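>>> The amino acid sequence is not available; the structure is as follows:
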């Protein structure tokens with residue numbers, strides 16, 4: 001019998017977005033400068049450079065009512081991935097009009113426009129629940145939000161844009 005891979009159990013990743021200070025505090029507590037924030041009634045856009053070894057820039061939209069963060073990673077040539085959008089499932093809240101917070105609930109979705117949509121990290125979600133890092137209610141909500149996104153994207157020809165536009169949301173990117 002094959003042994004299941006070991007899952008890295010970690011607390012939910014928390015980030016802060018400070019529009020006034022033009023900063024993004026990442027889950028490890030590093031404060032990163034932000035090039036641009038833009039607020040819409042349905043979400044917050046952020047664009048910033050990155051010192052990650054695989055990508056040099058990222059753009060994200062926090063979409064609180066959908067419990068999603070949509071990100072476009074600008075990968076270095078040697079690390080390009082076959083994906084158009086990377087979606088994080090979680091809680092995304094406006095603390096004040098100038099400060100936002102995200103709490104990642106482990107599940108991720110990869111969107112390859114007009115081709116397919118893939119759910120990732122179910123093992124992390126289950127491990128987090130099993131160790132008490134997420135309640136059953138939070139874990140069930142994460143699964144429901146991920147399913148709603150996957151169903152919506154698939155129903156619009158596997159296009160994130162089509163699904164979001166059907167709800168009056170138009171994302172803009174650099």
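Happy to help now that I have it. Predicted, not measured: the structure shown is a model, and the values here were computed from it.
>>> what's the longest helix in this protein?
Under DSSP state H, the helix in the chain containing the largest number of residues is helix 136-155.
>>> The helix or strand just after that helix - contacts with which helices or strands?
For helix 136-155, the following helix or strand on the C-terminal side (DSSP states H and E) is helix 160-165. In terms of contacts (3 or more C-beta pairs under 8 Å, 6 or more residues apart in numbering; DSSP states H and E), helix 160-165 is packed against helix 136-155. Backbone N, C-alpha and C define where each C-beta goes, glycine included.
>>> Next, the residue nearest to residue 161 when sequence neighbours are not counted: secondary structure please.
Excluding the flanking residues, the one nearest residue 161 by C-beta to C-beta, 6 or more residues apart in numbering is residue 171, at 6.9 Å. Using DSSP: H, G, I helix; E, B strand; the rest coil, the structure places residue 171 in coil.
>>> Can you report how many residues neighbour residue 171?
18 (other C-beta atoms under 10 Å).
>>> Does it touch residue 159 like I think?
No. Contact criterion C-beta atoms under 8 Å: residue 171 and residue 159 do not qualify, at 11.4 Å.
>>> Show the contacting residues for the residue nearest to residue 161.
The contact partners of residue 171, by C-beta atoms under 8 Å, 6 or more residues apart in numbering, come to 45, 61, 70, 160, 161, 164.
>>> hang on, the second one in a helix?
No. Under the criterion used here (three-state DSSP), residue 61 is strand, not part of a helix.
>>> give me the low-pLDDT residue ranges for the chain?
Per-residue confidence for the chain (pLDDT under 70) gives these ranges: 1-5.
>>> what's the single longest strand in it?
strand 99-112 (DSSP state E).
>>> Going by contacts, tell me the helices and strands next to the helix or strand following that strand.
Counting by DSSP H and E, the next helix or strand C-terminal to strand 99-112 is strand 116-120. Under the contact criterion of 3+ C-beta pairs under 8 Å, 6+ apart, strand 116-120 touches strand 99-112, helix 136-155.
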